[in-house]
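Trainee: quick one: sequence plus predicted model below, questions after.
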Amino acid sequence: MAKRQKRQPGFATQCVRAGDPEDQWGSVAPPIYQTSTFASANTREQWEVIEGKRLGHCYTRYSNPTIRCLEEKMAILEGGEDAVAFATGMAAVSACVLATVKAGDRVVVQRDVYGGTFEVFHRILPRMNVEVVTVDARNLDEVRAEARKGAKLLYVETPANPLVHVVDLAGIARIGKECGALTMCDSTFATPANCRPIEFGIDVVIHSATKYLGGHADLMAGVAVARKAYCELLEDMLRILGGVIDPFAAWLVVRGIKSLEPRVRVHNENAMACASFLASHPRVRVVHYPGLPGHPQHELARRQMKGFGGVLSFELDGTTRQASAVVDRLRVFRVAPSLGAVESLALQPAATTHSKLSPEERQAAGIADTLVRLACGIESADDLVEDLRQALDGRRGSR
C-alpha cells in the first residue's frame, strides 16, 4: 500500500499557527520578550551565541525570540526559506536595496512605485554612483531591453501604488534569470493571502507590515522574505543600520497575521463593490482596479492572484479642487495616509504619498492631480458605496 502523503495545513491555519513557539506554560498567544539584552551563563557561552555557534540571543538588535516568531511565520506564509523583520516597510526596502547594489551597478525599477521607494532609487542611489533606469514594468520587452544592458537588480511592485498596476511576476523572474539580475517585489498590496511572488520565481519579497499584515493601524513594521543566504546578508545590514523592529511591534504583527485570511477576503469584496460602483458613476473618468473585467490587466491578475486586493484608485472628471472636495465629503472613509487596516481610508496621492515627486515625475508615472486612492476596510460594503455616492453627488453626510 502506498504511503499516504502528509496533508499540508491550509493558508488560514498557517496564519494562525505557523512559527508560534511552544511555551512551557501552554500560553495560546506567543510570549513577548520585551527586552533589549539577554544574559549568558558565562563569557564563552555569550561568544558562541554571538558567533552563531550556539542557539540563543544576546541583544535585540541582533535577534529576539518574538521577532524570530514573526520571521518564521512570514517565511512559511510566503513559501520562502527565511525572513528578516524591520522597524518599517521603508527600512526593509532600503536594507534590501543596499544589501544588493554597490557603486557602479545598474538597477531597473518600475516607474509607478510607492513614493518612499521612488526616493530611495532616485534620490539616494544616484549619490552612491548607482545607475537607475525607470521602466513601465507592464511591458516585459522594455524591462528585458534594459536588463540586458547589465542590470544587477530588477525591482517591481504589484499591485502598484497608487495606480494598482499588475506586473507579470513570472515574466520578471524569467528576465532576471536570463540576465543574471536579482528580482525583488514589493507585495504589500497583495499580501500572501492574494499572491506569493516566490512561487513565480521572484527572489526577494518585501512587505510593509504596517499595512495588511498588522491590519489595525497601530504599528509600524517591515519584512523581507528570501533564500537563507540572502537573509543572512540582510541580517548583517540590519545590525549595521539599526532599523530593528521593537519586540512588542513584532508581537502585534504576529497577532494581526492570525486574522489575515478572513480580513483580506473582506477587503477584496469591499474593493470590488466600490470599484464596480465608481465605474458606473458619471463623475468618474476612470477606475484603476484589476478586479474589473474591463481592466487591461484583469486576466493577468486572475492568473497570479487569489483576490484583487483592497486598494483601488479613480480619477475624477473635474478639477483638482473638485477631487479634494469629494474626498473631504467622505464620512465612512477617513481622510488619512496608509492602507490595509480594518478602517477604510482615502487620500489624494499628489498631495500625500507622492507629494515629494515633482509635477513632471508624477505625470511620467501617470499620477493625475485628480487621482483619489481608496483603501477599503472591512466595514459593510453598502455603507462604503453609499459614502462614495453622497460624496460624489455633493451631499455632506454625518460621521
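Mentor: Sure, I can see it. Numbering: from 1, shown residues only.
Trainee: where in the stretch 151-300 of the chain is pLDDT low?
Mentor: By pLDDT under 70, the stretch 151-300 of the chain contains no weakly predicted segment.
Trainee: show me where it has helices.
Mentor: Assigned by DSSP state H, counting those that start in this stretch, the stretch 151-300 of the chain shows helices spanning 169-179, 191-194, 228-241, 247-257, 260-279, 298-304.
Trainee: how about the stretch 1-150 of the chain?
Mentor: Here the stretch 1-150 of the chain has its helices, by DSSP H, counting those that start in this stretch, at 11-17, 43-50, 65-78, 89-100, 115-119, 140-147.
Trainee: give me the residues contacting the third one.
Mentor: It refers to helix 65-78. 11, 14-15, 18-21, 30-34, 57, 60, 80-85, 192, 196-198, 205, 207, 209, 213, 221, 223, 225, 244-245, 247-248, 250-251, 253-254, 257 (C-beta atoms under 8 Å, 6 or more residues apart in numbering). Where C-beta positions appear, they are placed from N, C-alpha and C, glycine not excepted.
Trainee: what are the C-alpha coordinates of it, in PDB please?
Mentor: Listed next in PDB are the C-alpha coordinates belonging to helix 65-78 (Å, rounded to 0.1, in the frame of the first residue of the first chain):
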ATOM      1  CA  PRO A  65      12.500  35.400  20.200                       C
ATOM      2  CA  THR A  66       9.400  37.400  19.500                       C
ATOM      3  CA  ILE A  67      10.900  38.900  16.400                       C
ATOM      4  CA  ARG A  68      12.000  35.500  15.300                       C
ATOM      5  CA  CYS A  69       8.500  34.200  15.700                       C
ATOM      6  CA  LEU A  70       7.300  36.800  13.100                       C
ATOM      7  CA  GLU A  71      10.100  36.000  10.700                       C
ATOM      8  CA  GLU A  72       9.400  32.300  10.800                       C
ATOM      9  CA  LYS A  73       5.700  32.800  10.300                       C
ATOM     10  CA  MET A  74       6.300  35.100   7.300                       C
ATOM     11  CA  ALA A  75       8.800  32.700   5.700                       C
ATOM     12  CA  ILE A  76       6.200  29.900   5.800                       C
ATOM     13  CA  LEU A  77       3.300  32.100   4.600                       C
ATOM     14  CA  GLU A  78       5.400  33.400   1.600                       C
END
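Trainee: any idea how far that helix is from the middle of the chain?
Mentor: 16 Å (C-alpha atoms, centre = their mean, to the nearest Å).
Trainee: swap in the fifth one?
Mentor: On the basis of C-alpha atoms, centre = their mean, helix 115-119 sits 13 Å off its chain's mean C-alpha point.
Trainee: can we start the residue count at 54 from this point?
Mentor: Sure thing, new numbering starts at 54, so read that last one as helix 168-172.
Trainee: give the other helices and strands that it contacts.
Mentor: Under the contact criterion of 3 or more C-beta pairs under 8 Å, 6 or more residues apart in numbering; DSSP states H and E, helix 168-172 touches helix 142-153.
Trainee: ok and the helix it packs on relative to helix 281-294, angle-wise?
Mentor: Relative orientation of helix 142-153 with respect to helix 281-294: 110 degrees, computed using axes from the mean of the first three to the mean of the last three C-alpha atoms, to 10 degrees.
Trainee: filter the contacts of helix 118-131 down to the ones in strands?
Mentor: 135-138, 258, 260, 276, 278 (DSSP state E).
Trainee: out of these, who's nearest Ser366?
Mentor: Ser366 lies nearest to His260 out of the ones in strands among the contacts of helix 118-131, by C-beta to C-beta, at 20.2 Å.
Trainee: so the closest one makes contact with Val146?
Mentor: No - using C-beta atoms under 8 Å, His260 makes no contact with Val146, being 10.0 Å away.
Trainee: which of these two has more neighbours?
Mentor: Legend: neighbour count by other C-beta atoms under 10 Å for His260 and Val146, higher for His260 (33 against 27).
Trainee: got a list of what that one touches?
Mentor: By C-beta under 8 Å, 6+ apart, the neighbours of His260 are 127, 142, 145, 239-241, 244, 266, 275-278.
Trainee: Val166 now?
Mentor: 174, 208, 210, 213-214, 239.
Trainee: which one of those residues is nearest to Pro390?
Mentor: Nearest to Pro390 among these is Asn214, at 11.1 Å by C-beta to C-beta.
Trainee: please tell me how far that closest one sits from Ser261.
Mentor: Per C-beta to C-beta, to the nearest Å, Asn214 is found 10 Å from Ser261.
Trainee: then Ala324?
Mentor: 18 Å.
Trainee: between those two, which is the more surrounded one?
Mentor: Ser261 (30 against 26).
Trainee: the residue lying closest to the more buried one once chain neighbours are set aside: neighbour count?
Mentor: In this structure, Ser261 finds its nearest non-sequential neighbour in Gly142, 2.5 Å apart by C-beta to C-beta, 6 or more residues apart in numbering. Residues contacting Gly142 under the criterion other C-beta under 10 Å number 25.
Trainee: pLDDT score for Gly142?
Mentor: Here, the pLDDT recorded for Gly142 equals 98.
Trainee: I'm done for today, thanks for sticking with me.
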